[in-house]
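Student: quick one, what's the 3D model for this:
(one chain, ligands or ions: 3)
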Amino acid sequence: MSQTSDTAARRPTRVRVPHLARWKAEGRRWAMLTAYDATTAGVLEEAGIPVLLVGDSAANVVYGYSSSLPVTLEEMLPLVAAVARGTQRPLVVADLPFGSYEASDAQAVTAAAALMKAGAHAVKLEGGVRARDRVAAIVAAGIPVMGHVGFTPQAEHAIGGYRVAGRDDAAAERTVADAVAVADAGAFAVVLEMVSAPVASRIREVLAVPTVGIGSGPDCDAQVLVWQDMAGLNDDSRLSFVKRYADMRGVLRGAAAAFAAEVEDGSFPDAAHSFDA
Ligand SMILES: Nc1nc(=O)c2c([nH]1)NC[C@@H]1CN(c3ccc(C(=O)N[C@@H](CCC(=O)O)C(=O)O)cc3)CN21
Ligand SMILES: CC(C)C(=O)C(=O)O
Ligand SMILES: [Mg+2]
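Tutor: Ligands and ions are numbered 1, 2, ... in the order given. This is a model prediction of the structure:
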């Protein structure tokens with residue numbers, strides 16, 4: 001295949017599902033962050049993040065809902081398209097939102113295909129044993145699926161709150177069985193959310209595919225955080241598994257306040273930021 005422009009010649013190779021399998025075999029850990037817009041996704045690509053998740057956490061951090069339940073497929077699609085347009089290298093995974101895949105395999109495949117048409121390279125859905133048929137149906141349609149077990153926020157009301165999965169022996173066995181079920185159904189990776197660290201470690205040993213931890217301890221093949229949590233843009237301090245790597249909330253508040261002060265005192269715009277004649 002000939003490459004005709006400089007841009008094409010420099011275009012980085014897209015991360016694909018087989019790369020993640022290879023990284024597990026090599027014992028190489030990797031980071032996943034959420035992204036919801038083209039600008040941020042481009043910055044995360046520059047930082048070398050290989051996998052971006054357009055999470056249904058968009059419900060909270062983009063749309064301002066107090067849980068992930070209200071966000072719709074229609075609200076997810078433009079965010080997926082923006083992240084795909086804004087990046088060249090990262091694998092873009094899109095969450096199937098609550099209500100878009102539970103009713104039937106056919107509904108799940110239709111919703112997954114809509115996310116792929118918007119630009120995703122893979123989809124993610126919540127649930128273990130209860131979701132295995134959905135995973136298999138979407139995989140059979142040629143769409144890579146990332147699983148998500150442990151605490152599954154879309155099932156908050158069935159679970160009875162935000163809680164760590166796998167803390168007693170029976171719960172540990174259920175969580176391992178959930179991860180195995182989605183991996184056996186064809187998932188290329190499995191998110192482990194708020195799984196106790198020893199159980200997550202066991203799942204990592206048992207699964208041939210990578211585990212992606214969030215609040216599940218260090219013994220995972222990859223780690224994921226919501227980018228606004230990671231960057232300290234969110235002020236929600238309830239999430240004890242989040243580490244803040246910057247104070248973006250403080251930086252942005254400071255910049256906005258400085259801008260407003262200069263507008264109010266007439267020092268912005270100055271000659272350097274105006275057009276003469
Ligand atoms: N900003 C943001 N970050 C997230 O990680 C996130 C979202 N939004 N929205 C979708 C889901 C919801 N998630 C959540 C929501 C709440 C807890 C939570 O309350 N955790 C507490 C309680 C744990 C416990 O009681 O055992 C914690 O201490 O982490 C955890 C994950 C993770 N996802
Ligand atoms: C927190 C991650 C795993 C997620 O599912 C989301 O952002 O919606
Ligand atoms: Mg999600």
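Student: mind listing the strands for the stretch 51-200 of the chain?
Tutor: With DSSP state E, counting those that start in this stretch as the criterion, the stretch 51-200 of the chain has strands at 51-54, 91-95, 122-124, 145-150, 189-193.
Student: just put the ones you listed in CSV and tack on mean pLDDT.
Tutor: Formatted as CSV, the strands of the stretch 51-200 of the chain follow (pLDDT from 0 to 100):
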stretch, mean pLDDT
strand 51-54, 99
strand 91-95, 99
strand 122-124, 99
strand 145-150, 98
strand 189-193, 98
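Student: which residues touch the closest residue to ligand 1 within the stretch 1-150 of the chain?
Tutor: Distances between the stretch 1-150 of the chain and ligand 1 by Cβ to the nearest ligand atom are smallest at Ser57, namely 3.5 Å. Any C-beta I mention is one placed from the backbone N, CA and C, and that applies to glycine too. Listed by Cβ atoms under 8 Å, 6 or more residues apart in numbering, the contact set of Ser57 reads 34, 68, 95, 226.
Student: so what's the residue count around the nearest residue to Ile138 once chain neighbours are set aside?
Tutor: Distances taken as Cβ to Cβ, 6 or more residues apart in numbering put Ala112 closest to Ile138, at 4.7 Å, once the chain neighbours are dropped. Ala112 is flanked by 29 other residues according to other Cβ atoms under 10 Å.
Student: quick one: contacts for Ala112?
Tutor: 96, 101, 123, 138, 141, 143, 145.
Student: look up the closest residue to the third one, ignoring the ones flanking it.
Tutor: Taking Cβ to Cβ, 6+ apart as the measure, Val123 lies nearest to Ala112, with 4.6 Å between them; neighbours along the chain are not counted.
Student: tell me the pLDDT at that neighbour?
Tutor: Note for Ala112: predicted pLDDT of 99.
Student: what does Ser2 give?
Tutor: Listed pLDDT for Ser2 reads 45.
Student: now the chain, which segments are flagged as low pLDDT?
Tutor: 1-9 (pLDDT under 70).
Student: what does it put close to ligand 2?
Tutor: Contact residues (Cβ under 6 Å from any ligand atom) of the chain with ligand 2: 34, 53, 55-57, 95, 191, 193, 214, 224, 226.
Student: try it again with 8 Å
Tutor: 32, 34, 53, 55-58, 68, 95, 124, 126, 148, 153, 191, 193, 212, 214, 224-226 (Cβ under 8 Å from any ligand atom).
Student: ok, back up a step: adding mean neighbour count, write the strands of the stretch 51-200 of the chain out as TSV.
Tutor: Below are the strands of the stretch 51-200 of the chain laid out as TSV (neighbours: other Cβ atoms under 10 Å):
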stretch	mean neighbour count
strand 51-54	28
strand 91-95	28
strand 122-124	25
strand 145-150	29
strand 189-193	29
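Student: need the ones you listed in TSV (columns: distance to Arg204).
Tutor: Converted to TSV, those look like this (distance: least, Cβ to Cβ, whole Å):
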stretch	distance to Arg204
strand 51-54	17
strand 91-95	19
strand 122-124	18
strand 145-150	13
strand 189-193	8
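Student: could you dump the ones you listed to TSV with distance to ligand 1?
Tutor: Formatted as TSV, the strands of the stretch 51-200 of the chain follow (distance: least, Cβ to the nearest ligand atom, whole Å):
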stretch	distance to ligand 1
strand 51-54	11
strand 91-95	9
strand 122-124	12
strand 145-150	10
strand 189-193	6
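Student: out of the ones you listed, which gets nearest to Leu233?
Tutor: Distance to Leu233, taken as Cβ to Cβ, is lowest for strand 51-54 among those, at 16.3 Å.
Student: can you dump the C-alpha coordinates of the closest one into CSV?
Tutor: Only the C-alpha atoms of strand 51-54 are listed here, as CSV (Å, rounded to 0.1, in the frame of the first residue of the first chain):
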residue,chain,number,x,y,z
VAL,A,51,-6.8,2.7,25.0
LEU,A,52,-9.5,5.3,25.5
LEU,A,53,-12.9,4.5,26.9
VAL,A,54,-16.0,6.6,26.0
